[in-house]
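# Here is my input; please provide its structure:
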Amino acid sequence: MPNSTTFQGGLLSGVDPSSFTTSDPLRLWIIQMGIIIMMSQLLQPKVIAEVLGGILLGPTAMGRIPGFTQHIFPSQSIPYLSLVANIGLASFSFIVGLEIDLSTIKRNVRKSLFIALSAMALSFALGVAISIPLYHNFIPSSVKYTYFMLFIGVSFSITAFPVLCRILTALKLLDTTVGVVVLSAGVCNDVVGWCLLALTVALVNATSGLTALWILLTCAAFTAFLMWPVRIALLRFARFTGSTENGPTMFFMTVTILIFWACSFFTDIVGVNAIFGAFLAGLIVPREGGLAIALTEKLEDMVSVIFLPLYFTISGLNTNLGLLNNGLYHLGFTFAIICMDFAGKFTACTITSRITGMSWRESGTVGSLMTCKGVFSMFVFEALVLTFMTTPLVSVLYPPERRVRAIAGGVSRASTGDPDEDKSDSVSPMTDDQPWRSRFTVVLDRSDHMSGMLVATQLVCPPSLKSPLVATLQSNTSTRTSDKVKMPEISVGALRLIELSDRTSDVMKSSAVDTLIRTDPLLNVFRTFGELNDIPVSLSLSIVPYDDMPGTVADHARRHGSQLLLLPWLSPSSNFSNTSEDLSGPHSPKIEHNPFEAFFGGSKHTGKSAAVIHSHFVRRVFAESKTDVALFIDPAGTGTGSARHIFCPFFGGPDDRLALEFVVQLCANPRISATIVRMSKSSAESGAVERPSLAHLEEKASIEMLDSGYQMPILPNTTYPDTFYGQADTEMHFQSETANNVLAALSRIKFSDHSSPLPLHSAIQLASEHKPVLVVVGRSRRLAGEDHTSELQKILEERGCVGQDVIRKTIGDPATAFVVSGALNVDTD
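So this is what the prediction gives:
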């Protein structure tokens, strides 16, 4: 009873909140945890920050502050930290096992074993060599040289498996061929290393040397037991509980966690570290239906945020670099240890990897990764230096563009799609004989963009002539030859983009693209849409970092020979006056605000709203894409309707001419009509709407051919003369069909001219006369005749919208004006 009331008042009673008591260790643990998490944010990758943070918190730096260690990290509290840290390390090993596809390890087991054993052999030999001067200079004679030699040799041989997994995860290499080989070699290295360590301990303790052999045989038998009967039983249990179809159930989660801890317990009591059993438990979890990915998503945040920093920080807390106080004497031995350890691992792994068929670049990457060390060895400074070297070496030797993904089925690629060939060389560009765009790329990323993208796709892809709707429309209109539209074969490629973040589950998704492309809900909706509308649809899925998304979009359009790229963007009109709102269009990154990244400059997106970030993405797509781009801005609640009207204000410039050409193609759809208005200021000279040269027309017609194209006088209702043809050969026959298609589209377009001192205001008013309306406007102001900056500023002020420079630069002045007014926009470039 007295013990329960001692701290009842807590801080208000004058009790030191950092004081440690075994009856209430939580308070100090929270303080320690907060400091460790903050220190782990200093550098990238985090494993370096965690180890370095532990060293700084230990006797090397902050431990020299009087009272710091006694109050923040007293010796009595370390066992509690260690317990939580080891729980986290085992959980992390379990997640790593979930991430690895067992079939990839089976394919690489011989290669990995060869690499691991060769590296251990050379490293052990170098460790034995360096142990001689170390023993004579630092070790008392009471310690037998044989035991010390074995310990140094094993320390040189071991690759730190937890550190290796942490680096592979941070660099997103776990789904690559190099990552799979290195991880498999790391598993072999870890098992053999622990067996050698057990042999060393057995010899030191004067027990039988057969202990290590028994440990090795026991681990092999236990692994076989897990890989066959337990793995098969767990798969059947997952199907029985419905976890493979609907995600892991509570019952399945309970059984899986029990198996995880049982495996960790068994490998720990037989003399191998518990992390090996946790890794094996992760390997046997079924991959069917994305079950392993779903399980990872439930566990990864707590492990990576709380548990792992504890483990690596505690390792650094036990390190005192101040002991290297004898100048060049100690530094010389440290340098020799670093060089020999690195040379042994790097040389052996690189050569053996090359022998097994890997390229020199991949072989060097394997060698660099296998040199990472854990700070549980006696050479802490050496381990820190080698681990710190691993990340930059891998980044140089194995950059993202050279990485090869390891897929279970044997296909290696970063993204996948339907089995289409590269069509970039086979698709001819648009010409006067082939004026229509027939190949489109549609970008999908979020469910709330789907309705807009379906509308845009339906607009650019005219319905089949066999459909009842088209037959009815054509029966109610003129049956002239010019109205019998014949369109080229339409093809639409849907590109599903998913951001590859630092989460382990996202890395796992990137290695399961072949499965995701069949199960992704957005792609399934688009596939059904294509089938219902008789549109040939090819599906692709790419999981890439956010910064690589614009290049991925541009490259996909190039490889598939697309003639128009459709990008979605939800209309920001509802909250246009506040760019801090989530106006996120496609591919808005998962912004995780980190004040430490802002302080240390670790994030490129710090302080930027989602709208600004997305605007930069769109502008990069415009800049990098060699294909024409249409940005579809979709106001909420816009329906498709049975008929549509397009409003196209023509201000001048190449992008407006492209928009004009695009409107003509859209009007090939019998359901679409359009109004094209030549907008100009009152003081400007009246001009003519320019259209491309698409047909041979009579010279006496009211259309005059100029070098830059045909010029049409602006009339409220324009009629067009019949076309005439040359000799009745195949080429002229095709040209006649092309002219029919163009004139059929032009018959549904009304041309007019409008002059106003405020052309943007007038254009908005003219567009509002048609409901619903689709506004098609050019984006760029390059070579345009007039500047609308001052008028746009007035429009923004009238509607209380200020500070929209980024969005205005993205979609242009006219488009910005229409977006503010709430109109629907297709912004072409």
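# ok but residue 142 is inside a strand, no?
No: counting by DSSP: H, G, I helix; E, B strand; the rest coil, residue 142 is not found in a strand; it is coil.
# going forward, begin numbering at 51 instead of 1
In the new count, where the first residue is 51, that last one comes out as residue 192.
# Quick one: neighbours of it, just the number.
5 (other Cβ atoms under 10 Å). Backbone N, C-alpha and C define where each C-beta goes, glycine included.
# Quick check: it vs residue 201, distance?
Residue 192 sits 15 Å away from residue 201, going by Cβ to Cβ, to the nearest Å.
# Please name the residues that touch residue 169.
Neighbour list for residue 169: 207, 209, 235, 239, 394-395, 398-399, 402, 420 [criterion: Cβ atoms under 8 Å, 6 or more residues apart in numbering].
# so it, which of the three states?
Classification of residue 169 by three-state DSSP places it in helix.
# Repeat that for residue 724.
Recorded secondary structure, residue 724: strand (three-state DSSP).
# from memory it sits against residue 700, does it?
No: counting by Cβ atoms under 8 Å, residue 724 does not reach residue 700; the two are 11.5 Å apart.
# So which of those two has more stuff around it?
Neighbours per residue (other Cβ under 10 Å) separate residue 724 from residue 700, with residue 700 holding more: 27 against 23.
# now that one: how far from residue 708?
Going from residue 700 to residue 708 by Cβ to Cβ gives 11 Å.
# And for residue 326?
Using Cβ to Cβ, one obtains 62 Å as the distance from residue 326 to residue 708.
# So which of these two has more stuff around it?
Shown here are residue 326 and residue 708; by other Cβ under 10 Å, residue 326 has more neighbours (26 against 19).
# my guess is that one meets residue 238, correct?
No: taking Cβ under 8 Å as the definition, residue 326 is not a contact partner of residue 238, at 11.1 Å.
# the bottom helix or strand of this protein by mean pLDDT?
strand 754-756 (a mean of 29; mean pLDDT, DSSP states H and E).
# What is the burial count for residue 352?
Residue 352 is flanked by 12 other residues according to other Cβ under 10 Å.
# Identify the residues contacting it.
Going by Cβ under 8 Å, 6+ apart, the list of residues near residue 352 is empty.
# how near is it to residue 307?
Per Cβ to Cβ, residue 352 is found 13 Å from residue 307.
# got a list of what residue 228 touches?
With Cβ under 8 Å, 6+ apart, residue 228 has these contacts: 408, 412, 415-416, 419, 448, 453-454.
# ok, so of those residues, who is nearest residue 811?
Comparing the contacts of residue 228 against residue 811 with Cβ to Cβ places residue 453 closest, at 52.9 Å.
# and the residue nearest to that closest one when sequence neighbours are not counted, bridged to which residues?
Distance criterion Cβ to Cβ, 6 or more residues apart in numbering; nearest residue to residue 453, sequence neighbours excluded, is residue 226 at 4.8 Å. Beta bridges link residue 226 to residue 455 when assigned by DSSP bridges.
# Report the buried residues of the host helix or strand of residue 144.
In this assignment (DSSP states H and E), residue 144 forms part of helix 128-149. Residues of helix 128-149 classed as buried: 130-131, 134-149 (neighbour count, 16 or more other Cβ atoms under 10 Å).
# what do you get for stretch 363-372?
Neighbour count says stretch 363-372 has 363-367, 369-371 buried, by 16+ other Cβ under 10 Å.
# Ok, stretch 307-322 next?
Within stretch 307-322, the residues scored as buried using 16+ other Cβ under 10 Å are 309-311, 313-314, 316-318, 321-322.
# Make TSV from those residues and add pLDDT to it.
As requested, the buried residues of stretch 307-322 are arranged in TSV below (pLDDT from 0 to 100):
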residue	pLDDT
309	97
310	97
311	97
313	95
314	94
316	95
317	88
318	88
321	78
322	76
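# a markdown table for those, including distance to residue 275 and secondary structure?
Below are the buried residues of stretch 307-322 laid out as a markdown table (distance: Cβ to Cβ, whole Å; DSSP: H, G, I helix; E, B strand; the rest coil):
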| residue | distance to residue 275 | secondary structure |
| --- | --- | --- |
| 309 | 12 | helix |
| 310 | 15 | helix |
| 311 | 17 | helix |
| 313 | 10 | helix |
| 314 | 15 | helix |
| 316 | 10 | helix |
| 317 | 12 | helix |
| 318 | 17 | helix |
| 321 | 17 | coil |
| 322 | 15 | coil |
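# Farthest-apart pair in those residues, please.
Greatest spacing in the buried residues of stretch 307-322, by Cβ to Cβ: 309 and 321 (20.7 Å).
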